[in-house]
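J.: Pasting the sequence and the predicted coordinates here, then a few questions.
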Amino acid sequence: MKMQILIPFILYLFFMIAIGWFFYSRTKNISDYILGGRGLNSWVTSLSAQASDMSGWLLLGLPGYAYLAGVEAFWIALGLAVGTFLNWTFIASRLRTYTQHYGDSITLPEYFENRFRAKNRSLRVVSALFILIFFLIYTASGFVAGAKLFSTVFGLPYVSALVVGVFVIISYTFLGGFWAVSWTDFFQGSIMFFAILTVPMLVVGEFGGVVASWDALHHINHNLLTLFSDAAGEPLSWIAIVSLTAWGLGYFGQPHILARFMAIRDVGEIPKARLIAMVWVILTLFGAVCVGLLGVAYIYPPLAAEKSETVFMVLVNSMVAPVVAGFLLAAILAAIMSTADSQLLVASSAMTDDFYHVFLHKKASQKELVWVSRGAVIFIAIIAFVIALNPQSSVLELVAYAWAGFGAAFGPVILLSLVWKRMSANGALAGIVVGGLTVLVWKQFSGGIYDLYEIVPGFFFSIIAIAVFSAVSVKNKQFKQF
C-alpha cells in the first residue's frame, strides 16, 4: 500500500525537478533568477501568488484548527479572503508600476531605497535583515509540514522525513530560480485546489449528504457549529475575533506574494489575475475549514490535539484507494513546496542583491550574482532546517509568527509608499523597525491584551511611527503617482 502511495509522490517530485532543470538554461541574469524578467502571465501570476501564500498551512494548519475549534476557523478564512482582495486591488498594479519606475527594483529593499532616494544604506539593510529573520521562521514551518507529511504517510523518522523534503525543495529552486518557482507553484496551486475540494465532497458523500453530515457533527458537539463561541461553548472575546480576522492585514507585507505582482508582464493583466486568485482563495479556504469539521464527524477514535494537523491525511488514507491517495496527499507536498521555494528565493535575493552586491562586490557580473543567489538558497535552507528539527513544532504557530512579522514590518510601509507623497526614508525605516520589533516583543508575553494577535499592535504602531518620523523629515519631492 505504501508503495502505491509512493509512486505518485515520486512522479510528482521528478516533475518538479524537471521544471527546475528546464529553466536552468533560461536563467541568464539576476533579474531572471529573482523576478523572472517580469514575464509572468495572469494565470501563473495568480495561482503562484496564492499557492505560495497558503503553503502547507492550507491543508494542515487550517484544517487542524477547524478540527479543534469548529466554524470559529471561518473568522480566519474571512480575514484572508478580504485581505487577498484588497492586496490585489490596491497594491498589485501600483507596486508593479513603481518598482519598475524607481530604478527597475527587483527586491523590496531596493525599491525602498530607490523610492525614497535614501542616501545611506540603512533602509535597505534593515529591511533585508527583517526579511531574513522572518523568512527563516516561515521556511522552517514549511520544512516541518513536509516532515510531518512523510513521517505520517510513510512512517519515516522525523529527521529523515525532514531531509527528504528539504532536498527536493532546494533542488529545483537552486536550478531554475523564479521561473521554476512560479511555474511549479502554478501546477501546485492547481493540485491543491483539486484536493482540498475533493476530500470534503467524498466525506459528505459517505454520510449521504450535507444535512446528514451537519447532523452528525451537531450530535458530537454542537458548539463546533457556532460562529461566536468556542468548542467548549464559551463566547468568543473581541480579542479572539479581531485576532482571527487580522490575518488579512498580513497580505500587504508578504515579500513572496508581492514578488508576483512585481513580476507580471503587464499591468493590464492584473484584473484577470485578481479574478482567478479570488475564486481560488474563497473555494480553497472554504474547503479547508470543511475538511477539519467533517474530520470531527468521520474520524474515530478522535485525533489527539497534537495530531489535529494530520486530519486531511487521515481522511484521505481512510477513504480512497492507495494510488488515488498518493495523488491527493501529493497536494500537501505541493502546498508546502509552493511556499518554501518562494521564501528561499526571496530570502536569497535579499542576501545577494541587498548585501553581497551592495557591500561586498559592487561590480559583480550577472553570472556571479546568479551563482551567489544559488549558494544563498542552500545556506538559508540549512539554517531553516536546524530550526525545523524540533518535531513538536506547530505549523500554524510558526506561520502565524512569520506572517505577523512581515505584515507589521512591511505592510504599512508598502501601503503608504504607494499613496502618500510626504512619506520619507526616515519614516519608512521607523515603520519597519517599530512594526517588526513590536511583533518580536509582543510574542514574548501572554494574558490579557497580549493575547491579541501581534500583527494588530505591530501594524498600528508601524503606521504611527511612519507618520511621526515622516512629519519631522524634509518633504519628499521624489514621489510621482502613475
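T.: The structure has been received and is ready for your questions. None of these values were measured; they are calculated from a predicted model.
J.: How far does the longest helix anywhere in the chain sit from its chain's centre?
T.: Determined from DSSP state H, the single longest helix within the chain is helix 158-207. Relative to its parent chain, helix 158-207 has a centroid offset of 13 Å by C-alpha atoms, centre = their mean, to the nearest Å.
J.: M262 reaches T97, doesn't it?
T.: No: judged on C-beta atoms under 8 Å, M262 makes no contact with T97 at a distance of 9.8 Å. Every residue, glycine included, has its C-beta placed from N, CA and C.
J.: Of the two, which one has the most company?
T.: M262 (24 against 16; other C-beta atoms under 10 Å).
J.: secondary structure class for that one?
T.: helix (DSSP: H, G, I helix; E, B strand; the rest coil).
J.: Does the closest residue to it other than its chain neighbours lie in a helix or a strand, and which?
T.: Among residues not flanking M262 along the chain, T99 sits closest, at 4.9 Å (C-beta to C-beta, 6 or more residues apart in numbering). For T99, the host element (DSSP states H and E) is helix 92-101.
J.: try L283
T.: Assessed by DSSP H and E, L283 sits inside helix 270-298.
J.: residues of that helix that come out buried?
T.: 270, 273-274, 276-278, 280-281, 284-298 (16 or more other C-beta atoms under 10 Å).
J.: Starting from that helix, tell me the next helix or strand along the chain.
T.: Next along from helix 270-298, by DSSP H and E: helix 311-319.
J.: Determine the set of other helices and strands touching that next one.
T.: helix 61-69, helix 122-154, helix 158-207, helix 270-298, helix 322-351 (3 or more C-beta pairs under 8 Å, 6 or more residues apart in numbering; DSSP states H and E).
J.: Just give me the residue closest to the centre of this protein.
T.: D53 (3.3 Å; C-alpha atoms, centre = their mean).
J.: Counting by contacts, list what the lowest-mean-pLDDT helix or strand in the chain packs against.
T.: One helix or strand of the chain scores below all others by mean pLDDT, DSSP states H and E: helix 30-35, with a mean of 72. Packing partners of helix 30-35 (3+ C-beta pairs under 8 Å, 6+ apart): helix 158-207, helix 255-263, helix 366-387.
J.: Pick the most buried one from these.
T.: helix 255-263 (a mean of 26; mean count of other C-beta atoms under 10 Å).
J.: which strands and helices sit next to that helix?
T.: helix 30-35, helix 42-54, helix 92-101, helix 158-207, helix 322-351, helix 395-419.
J.: Quick one: closest of those helices to W21.
T.: helix 158-207 (5.7 Å; C-beta to C-beta).
J.: Moving along the chain from that closest one, name the first helix or strand you hit.
T.: Using DSSP H and E, the first helix or strand after helix 158-207 is helix 210-220.
J.: low pLDDT regions in the stretch 251-400 of the chain?
T.: 338, 394-396 (pLDDT under 70).
J.: Packing partners of the helix or strand following the helix holding T99?
T.: Downstream of helix 92-101, the next assigned helix or strand under DSSP H and E is helix 108-115. Counting contacts by 3+ C-beta pairs under 8 Å, 6+ apart, helix 108-115 packs against helix 92-101, helix 122-154, helix 395-419.
J.: In JSON lines, list the ones you listed along with distance to I257.
T.: Converted to JSON lines, those look like this (distance: least, C-beta to C-beta, whole Å):
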{"stretch": "helix 92-101", "distance to I257": "10"}
{"stretch": "helix 122-154", "distance to I257": "12"}
{"stretch": "helix 395-419", "distance to I257": "9"}
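J.: and of the ones you listed, who's closest to F312?
T.: helix 122-154 (9.8 Å).
J.: relative to helix 395-419, how tilted is that closest one?
T.: If you take axes from the mean of the first three to the mean of the last three C-alpha atoms, to 10 degrees, helix 122-154 sits at 150 degrees to helix 395-419.
J.: got the angle for helix 122-154 vs helix 311-319?
T.: Going by the same axes, to 10 degrees, helix 122-154 makes 20 degrees with helix 311-319.
J.: tell me the mean pLDDT for helix 122-154?
T.: With pLDDT averaged residue by residue, helix 122-154 scores 83.
J.: If you count contacts, what does that helix end up packed against?
T.: Against helix 122-154 (3+ C-beta pairs under 8 Å, 6+ apart) you get helix 2-24, helix 108-115, helix 158-207, helix 311-319, helix 322-351, helix 366-387, helix 395-419, helix 425-442.
J.: Which stretch among the ones you listed approaches G253 most closely?
T.: Going by C-beta to C-beta, the one of the helices and strands packed on helix 122-154 nearest G253 is helix 395-419, 3.3 Å.
J.: buried ones in the closest one?
T.: Of the residues in helix 395-419, those buried by neighbour count under the rule 16+ other C-beta under 10 Å are 395-396, 398-418.
J.: and that helix, what does it pack onto?
T.: helix 61-69, helix 92-101, helix 108-115, helix 122-154, helix 255-263, helix 425-442, helix 455-471.
J.: roughly how far is the second one from the heart of the chain?
T.: So that's helix 92-101. With C-alpha atoms, centre = their mean as the basis, helix 92-101 stands 21 Å off its chain's centre.
J.: Run through who's touching it.
T.: 38, 105-106, 111, 115, 258, 261-262, 264, 267, 270, 273-274, 414, 417-419, 480, 482 (C-beta atoms under 8 Å, 6 or more residues apart in numbering).
J.: ok so, going back, what's the helix holding L283 packed up against?
T.: Other helices and strands packing on helix 270-298, by 3+ C-beta pairs under 8 Å, 6+ apart, are helix 42-54, helix 61-69, helix 74-86, helix 92-101, helix 158-207, helix 210-220, helix 311-319.
J.: just to revisit the earlier point, how about the helices and strands packed on helix 255-263 in a markdown table, adding distance to G70?
T.: Below are the helices and strands packed on helix 255-263 laid out as a markdown table (distance: least, C-beta to C-beta, whole Å):
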| stretch | distance to G70 |
| --- | --- |
| helix 30-35 | 41 |
| helix 42-54 | 21 |
| helix 92-101 | 34 |
| helix 158-207 | 15 |
| helix 322-351 | 22 |
| helix 395-419 | 15 |
